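> give me a 3D structure for the following:
(one chain, ligands or ions: 2)
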Amino acid sequence: MTDAHTTGTHGTGPFIAAIDQGTTSSRCIVFDKDGRIVSVDQKEHEQIFPKPAWVEHDAAEIWDNVQEVVAGAIVKAGITAADVKAIGITNQRETTLLWDKHTGEPVHNALVWQDTRTDALCKELGRNVGQDRFRRETGLPLASYFAGPKARWLLDNVEGLRERAERGDILFGTMDSWVIWNLTGGTDGGVHVTDVTNASRTLLMNLHTMQWDEKICSSIGVPMAMLPEIRSSAEVYGTARGGVLDGVPVASALGDQQAALFGQTCFAEGEAKSTYGTGTFMLMNTGDTPVNSYNGLLTTVGYQIGDQKPVYALEGSIAVTGSLVQWMRDQMGLIQSAAEIETLASSVEDNGGAYFVPAFSGLFAPYWRPDARGVIAGLTRYVTKAHIARAVLEATAWQTREISDAMTKDSGVELTALKVDGGMTSNNLLMQTLADFLDAPVVRPMVAETTCLGAAYAAGLAVGFWPDTDALRANWRRAAEWTPRMDADTRAREYKSWLKAVERTMGWLDDEE
Ligand SMILES: Nc1ncnc2c1ncn2[C@@H]1O[C@H](COP(=O)(O)OP(=O)(O)O)[C@@H](O)[C@H]1O
Ligand SMILES: O=P(O)(O)OC[C@H](O)CO
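Ligands and ions are numbered 1, 2, ... in the order given. Model prediction:
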């Protein structure tokens, strides 16, 4: 399915093109100098579920789609490669691919960030190496979410792969590396790089040196010969070869959540954004030193512009938010479209006593509990599907509240307002609920496509299209704001019930499962 449109707000060029290789689709957006959208093209790809909790993508399909949407966006903008000053890349993070550097063929489907097949491996690594060592050096808890253990699983499970990798015939990459390698020539001289933000999601990069950590790579069992070179998020990695953007510099790469932080212009310490898509990810800029988390958040790289110092971030990652709405639509058949959840939920005053904790693949931040599974708590005969719809939306808002509490504890910064973006922010009831549960205003910018915008901004800075981050800040404009309306007693009572429901998800899986 190709779902594309142009906005009709064409500036007069030149332009920057951004490619967002996301979990459910790939898109390309062309931006003008004011950061306005000139054209968009987007295409979904197949979600492959070989077993419960296993999720894969066909990387060859993804590369085909990327080429198609780039061509689509350029044609719709009515421009040529000569009008495009740079290409920026952003991507679903952690999703892991190994491919043959001689043929360009993936050796297996990519293992997606949501895939939990490496839970047992992570447990074993925790026992043998210790959780603390990973936290200290990489900023991450040892969890199946991250790329390193996924690469190890592939090396252990695809016949003959480890020998090929040790011989140097196999390349490892998250989706940024795959797209950049193909875009810059593939088997004919493609550059094999990743950026600091994507590398910070592998469990393999040392957060203090910004280099692959030899000891950690060896304890996870990943040969360093297959790893890409780690570069900054905003610099020219190479030029596009072939296709409609032949000759255009490829000048940025950022994981999609870091790109959204950049696109929301959270350049000052303490500024935060939350992106509401398949999952939800809140990131707070913590400046040029990594802040350790003692409350279940991740310490990650926010961005690095060229040879400037890297900027770090604290992140709260929630695995299931928009995908719970999809589940209501596709698996339960309770709604026909994602947007319909708002109508259904608005038909009742409250949740009727029901709380839905969507621990479908365990719980991510702040709990990191792979043994948890989803529950709907508080059911009585009174509860209708409309109450469940309301509980679905509240689940996203409560999970955000838990992350925001953890951020305040770790950083000492009180949330004064939250910048939001992503597909779910078109839901007004959800945004109001969020402001109510956070007891803070929620603001959405004019350009809601902040992920692509962030990649475009970083690429534009790298080639001098924009002079500095101040010029980018000037482009940020508020489109909507929701202010808290809930009284403190109701908020406290509801939060307590939510936390009771969360407790009931834990320990569902036994050790051997
Ligand atoms: N009006 C809505 N209300 C609630 N959820 C929505 C709404 N519109 C879209 N969504 C959810 O948002 C997600 C899509 O957002 P998007 O930012 O495109 O996600 P991603 O980048 O993760 O693919 C889907 O999971 C969908 O269920
Ligand atoms: O592609 P998205 O928007 O679902 O984002 C996925 C995240 O990068 C996973 O860490």
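> secondary structure element for the residue of the stretch 301-450 of the chain found nearest ligand 2?
Residue of the stretch 301-450 of the chain nearest ligand 2, by C-beta to the nearest ligand atom: Ser317 (6.2 Å). All C-beta atoms are positioned from the backbone trio N, CA, C, and that covers glycine. Using DSSP states H and E, the element containing Ser317 is strand 311-318.
> check the offset of that strand from the chain's centre.
The chain centroid and the centroid of strand 311-318 are separated by 11 Å under C-alpha atoms, centre = their mean, to the nearest Å.
> report the beta-bridge partners for Ile29.
Ala18, Val40 (DSSP bridges).
> the strand holding Ser317 and ligand 1, are they touching?
No: figure legend: strand 311-318 not in contact with ligand 1 (C-beta under 6 Å from any ligand atom); closest approach 11.7 Å.
> quick one: end-to-end length of stretch 182-190, please.
For stretch 182-190, the first and last residues are 6 Å from each other (C-alpha to C-alpha, to the nearest Å).
> about what we covered before: if you count neighbours, what's buried in the strand holding Ser317?
Neighbour counts over strand 311-318 (16 or more other C-beta atoms under 10 Å) mark 311-318 as buried.
> against Arg93, how distant is Ser274?
Ser274 is 16 Å from Arg93, where distance means C-beta to C-beta, to the nearest Å.
> compare those two (neighbour count), which wins?
Shown here are Ser274 and Arg93; by other C-beta atoms under 10 Å, Ser274 has more neighbours (30 against 27).
> and the two most separated of the buried residues of strand 311-318?
The span of the buried residues of strand 311-318, defined through C-beta to C-beta, is set by Val311 and Ile318 at 22.5 Å.
> need the contact list for the residue nearest to Val112 when sequence neighbours are not counted.
Spatially, and ignoring its direct neighbours in sequence, Val112 is nearest to Val55 (4.0 Å; C-beta to C-beta, 6 or more residues apart in numbering). Applying C-beta atoms under 8 Å, 6 or more residues apart in numbering to Val55 gives the contacts 47-49, 111-112, 114-115.
> same question for Arg162.
Listed by C-beta under 8 Å, 6+ apart, the contact set of Arg162 reads 155-156, 223.
> repeat the analysis, applying 10 Å as the threshold.
Neighbouring residues of Arg162 by C-beta atoms under 10 Å, 6 or more residues apart in numbering: 152, 154-156, 170, 221, 223.
> for Gly507, the count of nearby residues, please.
Neighbours of Gly507 under the rule other C-beta under 10 Å: 12.
> element containing the closest residue to it other than its chain neighbours?
In this structure, Gly507 finds its nearest non-sequential neighbour in Asp371, 5.6 Å apart by C-beta to C-beta, 6+ apart. Using DSSP H and E, Asp371 sits within no helix or strand.
> what about stretch 352-366 and ligand 1, touching?
No: with C-beta under 6 Å from any ligand atom as the criterion, ligand 1 is not reached by stretch 352-366; the gap is at least 11.7 Å.
> with just CA atoms, put that stretch into CSV.
The C-alpha trace of stretch 352-366 is given here as CSV (Å, rounded to 0.1, in the frame of the first residue of the first chain):
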residue,chain,number,x,y,z
GLY,A,352,-15.6,1.9,34.8
GLY,A,353,-13.0,0.5,37.2
ALA,A,354,-10.9,-1.3,34.5
TYR,A,355,-7.2,-1.0,34.1
PHE,A,356,-5.3,-2.5,31.1
VAL,A,357,-1.6,-3.1,31.4
PRO,A,358,-0.3,-4.2,28.0
ALA,A,359,2.8,-6.2,29.1
PHE,A,360,2.6,-8.1,25.8
SER,A,361,6.3,-8.7,25.6
GLY,A,362,7.1,-8.1,29.3
LEU,A,363,7.5,-4.6,30.7
PHE,A,364,10.1,-2.2,29.5
ALA,A,365,10.9,1.0,31.5
PRO,A,366,11.0,1.5,34.4
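> can you give me the buried ones in it?
Buried residues in stretch 352-366, defined by neighbour count with 16+ other C-beta under 10 Å: 352, 354-366.
> what residues does the stretch 1-150 of the chain put near ligand 1?
By C-beta under 6 Å from any ligand atom, the part of the stretch 1-150 of the chain that sits against ligand 1 consists of 22-25.
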